[in-house]
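> take this sequence and fold it.
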Amino acid sequence: MRAITELIENTKEMQQLLAGLRNGAGHYQVAGLARAEKAAYVAALFHQTSPRPLLVVTQGARRAQDLALDLEVFVDRGRVCLFPDVEVLPHEEVAAPLEIMVSRLEVLEGLVRGERLLVVAPVDALLRALPPVEAFREGFVAIKAGEQADLDAVLAALVELGYERASMVEGPGQFAQRGGIVDIYPPTQAEPVRCEFFGDEIVSLRAFDPVTQRSMANLEEVQVGPAREVAAATADQAAEEILAMAARQAERIASLKGEKAARELLDRVRGHVEKLQEGVKFYGKDQYLPHLYPRLAMLLDYLPGGLLVIDEPERIWERVRILERELGEEITSLLEKGAVLPSYEKNFVGPDELARRAEDYPQVTLTTLPRKRKGGAITVQTRAPGAFHGKMKYLLQEVEKWRSQQYRVVLAMPGPDRAKRLAQSLTGEGLPVAYHSLIRQLPPGLVVSTGAVLSAGFELPALKLVVLTEEEMFGRRRKAVRTRTQHQVEYGAKRARLTHYGDLQRGDYVVHVNHGIGRYLGMETLEIGGVHKDYLVVQYAGEDKLYVPVEQVDLLQKYIGADDKPPRLYKLGSSEWSRVKKRVKESVQELAKDLLDLYAAREAIEGHAFSPDTPWQEEFEAAFMYEETPDQIRAVEEVKRDMESPRPMDRLLCGDVGYGKTEVAIRAAFKAVMDGKQVAVLVPTTILAQQHERTFKERFAGYPIRIETLSRFESRAEQRAIIKGLADGTVDIVIGTHRLLSSDIVFKSLGLMIIDEEQRFGVVQKEKLKAMRKNIDVLTLTATPIPRTLHMSLVGVRDMSIIETPPEGRYPIRTYVVEYNDEIIREAILRELDRGGQVYFVYNQIRSIDKMKSHLLELVPHARIVTAHGQMDERHLEQVMLDFLAGEYDILLCTTIIETGMDIGNVNTLIVCDADRMGLAQMYQLRGRVGRSNRVAYAYFTYRGNKILTEDAEKRLQAIREFTELGSGFKLAMRDLEIRGAGNILGSEQHGFIASVGFELYCRLLEESVKQLKGEVVQELPQPVLDLNVDAYVPDEYVDDSRQKVEIYKKVVAVKDLDGVDALAREAADRFGPVPEPVENLFQVARVKILARDVGITSLTREKDSVLLKFVPGLVLPWDLMTFLARKYRGKLLFQRGRIPQLRIKAREMSDPALLGLLGDVLTDLNTAWEQASGQ
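Sure, this is the predicted structure:
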């Protein structure tokens, strides 16, 4: 909206302010600004004070985010940056959230490079010390294609900059080396980069996709900046200083707390110093920042010559005083306990120091009311526009009045589609409204609609300008979301695609299609008869081992069971596996038949075909307050298509909690009601019924649609009235528990049944639902993700819609994995209660839950705590949950019963005790209970400090810590959840079968059965068996990570055509460097296999001086073809006709590449000649 800022820039007040700044005025006050017009004035100031960078300081994080979002409407993309507070104290052994660290690094990098940025920061972020500007500026490595660089020096520099070495780069801050290829993922860049060295020359520099690992584009140069703020400092000189201070502090602690506490302090500090000297990453490193640099900096030091804008200074200094007091108390407590060294307080900037340094910068203060301050002052006349609450008649009247007074009116809607629809709707009502994606000019009397998200509207009478947002027009407030740069959006999208979790690791259980379940021991290269070959080694019961040649890698799958129990290993050579597989196959065929019969029966029934969308439907959907995700849009289209079809719908809608399933259901319900049909929404619990009632009534407000809830919380008289309304058709939508399935419930015209979490209903209810499905439309919602493999297996027998993409801008959940500590727990609870929120405290031991309640009351005496667990009476439990939902309690102390189905927006802190005892999927779902509103949510997974954790527990906790990043943790949790999802869809009786053969094989058998029953079995050409005795393998020197080796072999086995082999060869060269002979042979063997398959060859066997090729029995070789080839390869080929035709190729004393080259040439000619002969 550049036109708005240009109007402001030309005002008398703004010109006065700019003149004052040019003449050296140190302070200027702008009073009267209260809403989004603040952002417009700051943007105008930014445009007119080039080339200065500009820093806006706000009272808190929420205000900073709101202001940054408003500024993005008025300033070019990429200029506005948020510099958030770290939110983790320097000594805390927890990772600061990745998104926060990336945002901070982007700002610091941009400023040291001299980029002109408009930085928005809460004052908390200014009170944290930073490395000196010079040190940060020096922490960049410039890598240019074609230039000389020492590989070892580059690797050493990456470690120094805080990058973490990995076998494969998947997330920001990692690097990997494979021979002369180095992959680096700078946190502030959209894609990782691949540097290829030849000796000391960088021969190539490329961006690559972290999901596919393939290169995408060539680069000329890349600036690799620090992976962390505190990275580039060496600790050798600081070590002595730290240890000396620790010794002095230990003496003091010994006299206060005893020798044990002093010893613990010294041991901890020595461990940290060791890691600092070795350059090892550890959480809590930042506490030693004052020792790593001779002097420290603050954010203001990174803005030389910048302009400071202070938003509501009184509130900011009040916040600073509160922080100073709280921080002072915290540091005193930490020093007394021996948790930190005396130098710790230097990590923070004092209020006096901040005020003194701020005086070095020209300051513009923004205040709602004029205040007496030094320096110049201007007052801007602003007004809040009236609210119309969706009453279009009044909106039209007011806008028409403004237009007649030559006002400029801007209608800001979230997203261009809604802005266009609003313009069309108002124009249709007789008010001329233009739509513009970018408003470059605003002549008087113009009414324009545009796609822009602002926190609130405003009126500037002097400019005759009014800006209205959704809040004023329709009563819906914009959801505040975190500002993200384009590269963070791209990174999030890539991360969402990364769902490959089939990596084989030593010790994993595997399933061999022919031999059953064993344990994978790794890969071995064996030399047999002078030929090297890789084998996957699998341990079976007893001492049995199976060596699986890599070309049979497709027969081996990672075992994924139905639960966490380890499977039983089979004995090699026994018939037990065949019997199990036969049993599963029979069960799967029966399941596939049932599904197909049900599908066919529904196809044959004539149901109600709903009408196409009405204008009301379009208006209703346009009123949705968030931007739909592509998955949501697709799901809505699929549901509507089913409803408009004459056959009854039976669609399953899967999506994580908060991904927008309810909105899809609401649109389907609206469509049904518009066609005169009733809708039943069936939920498993009364709490869910109440939550859905609230959501539906909010969404349907303003429409003549009657919505009722039927559960035991309604009185008998109310229930009778609702039942009567269902029978006579006056109730349009009813939401209820299984009470809706009672025999006394009769609908006048039921058209749509929406079922939420069907798997949580009992057998009797499920049978009733099965009967109802035959003639009404049914939409089933589930929050448990469905595996893609299962989805593909059920194509054509079960209609599914999957919502995989999260809504744009959801706040990430701050996840901490820490030793249980009363102080941390108390702080976490108080922080949540101070902002008016509630807490889930998960304690999974019913016997001592009352004892834990007493302990929590000692920590937080004023908190209102209620307990809930599965052994309570159902009605009592339900009442407790409803009371908590109503805000009557602050803390719900409970077992894992909150794992599913709870959706309370006011609960944004989760504390879990003994998290090491829980499975990943369980932790993931618990974590999903918070973060459901427009607040930052916190999840603390704690374990007992005096307990030795098992290796598995450590891995799970590490995985949870990494949930906000790329990593195996996310993949594993999704896998565990998806297996639950599979059981939910297929029925609990299938759990045992999944467990007995593993999920992947189960899905393969199901897919085969479905295709067989549908008559879709495709006869594929038999795969040729190759016995060529050539060195075709991946040497350790080329790829030393066994998981990546298995990945290569899997791709080679799965490749279907020559183009695919060429692409694999290019990918190998791209990722691992020039392809060595054994790997080139591997690809050539794949080419030979494909060419042989296409002409009906069943085997290729290397004999003493030749290779024998056998064709499919009964194949007739055309005479012309044989004579053509015999003439071309004179004396080298010998054909033998018969029932099994054969071709012998002479190959005396040939090297492996020469032999494979000859076979490739002969088979290519054979294919060409065959095609020509067939075409005649």
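> for the protein, what's the longest helix?
Using DSSP state H, we find that the single longest helix of the chain is helix 576-604.
> give the buried residues for it.
Residues of helix 576-604 classed as buried by neighbour count (16 or more other CB atoms under 10 Å): 577, 580-581, 584-585, 587-589, 591-592, 595-596, 598-599, 602. Using the backbone N, CA and C atoms, a C-beta is placed for each residue, glycine as well.
> quick check: mean pLDDT of it?
The average pLDDT within helix 576-604 is 86.
> check stretch 80-87 too.
Regarding stretch 80-87, the rounded mean pLDDT is 92.
> tabulate the CA atom coordinates of that stretch in PDB.
Output of stretch 80-87 as PDB, limited to C-alpha atoms (Å, rounded to 0.1, in the frame of the first residue of the first chain):
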ATOM      1  CA  VAL A  80      10.900  -6.000   7.600                       C
ATOM      2  CA  CYS A  81      12.600  -8.300  10.000                       C
ATOM      3  CA  LEU A  82      11.700  -9.500  13.500                       C
ATOM      4  CA  PHE A  83      14.400  -9.800  16.100                       C
ATOM      5  CA  PRO A  84      12.800 -11.900  18.800                       C
ATOM      6  CA  ASP A  85      14.000 -12.600  22.300                       C
ATOM      7  CA  VAL A  86      15.800 -15.900  22.700                       C
ATOM      8  CA  GLU A  87      13.300 -17.000  25.400                       C
END
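> buried stuff in that stretch?
For stretch 80-87, a neighbour-count test (16+ other CB under 10 Å) marks 80-87 as buried.
> now what about it, what contacts it?
With contact meaning CB atoms under 8 Å, 6 or more residues apart in numbering, stretch 80-87 is reached by 61, 64-65, 68, 71-72, 96-97, 100-101, 103-104, 106-107, 110, 117-122, 124-125, 128, 299, 482-483, 485, 814.
> per-residue pLDDT, residue 478?
Reported pLDDT for residue 478: 52.
> one more: the one 3 residues further on?
For residue 481, the pLDDT comes out at 46.
> related to what we said a few turns ago, check the offset of the longest helix of the chain from the chain's centre.
35 Å (CA atoms, centre = their mean, to the nearest Å).
> also stretch 858-873?
Computed by CA atoms, centre = their mean, the chain-centroid distance of stretch 858-873 equals 33 Å.
> show me where the stretch 1001-1150 of the chain has its strands.
1025-1027, 1097-1102, 1106-1111, 1133-1136, 1142-1146 (DSSP state E, counting those that start in this stretch).
> ignore what I typed, I meant the stretch 351-500 of the chain.
363-367, 376-379, 408-413, 434-435, 447-451, 458-460, 465-468.
> which of the buried residues of stretch 80-87 fall within strands?
Under the assignment DSSP state E, the buried residues of stretch 80-87 contribute 80-82 to strands.
> looking at these, spot the one nearest residue 732.
Lowest distance from residue 732 to those (CB to CB) belongs to residue 82, with 44.6 Å.
> would you convert the strands of the stretch 351-500 of the chain into CSV that also reports distance to residue 635 and mean neighbour count?
CSV is the format used below for the strands of the stretch 351-500 of the chain (distance: least, CB to CB, whole Å; neighbours: other CB atoms under 10 Å):
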stretch, distance to residue 635, mean neighbour count
strand 363-367, 44, 23
strand 376-379, 51, 18
strand 408-413, 23, 25
strand 434-435, 27, 15
strand 447-451, 23, 22
strand 458-460, 37, 23
strand 465-468, 31, 24
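> these: which one's closest to residue 734?
Among those, if distance is taken as CB to CB, the winner is strand 408-413, at 33.2 Å.
> name the residues that touch that closest one?
With contact meaning CB under 8 Å, 6+ apart, strand 408-413 is reached by 1, 4, 7, 73, 399, 402-403, 419, 422-423, 426, 433, 439, 442-454, 457, 463-470, 473.
> and which of the buried residues of stretch 80-87 is nearest residue 236?
Checking those against residue 236 by CB to CB gives residue 86 as the nearest, at 26.1 Å.
> I'd like the distance between the closest one and residue 428.
From residue 86 across to residue 428, the span is 51 Å (CB to CB, to the nearest Å).
> which parts of the stretch 651-800 of the chain are strands?
678-682, 707-710, 733-736, 750-756, 777-782, 799-803.
> buried set for stretch 1156-1173?
Quick answer for stretch 1156-1173 (16+ other CB under 10 Å): 1156, 1158-1160, 1162-1163, 1165-1167, 1169-1170.
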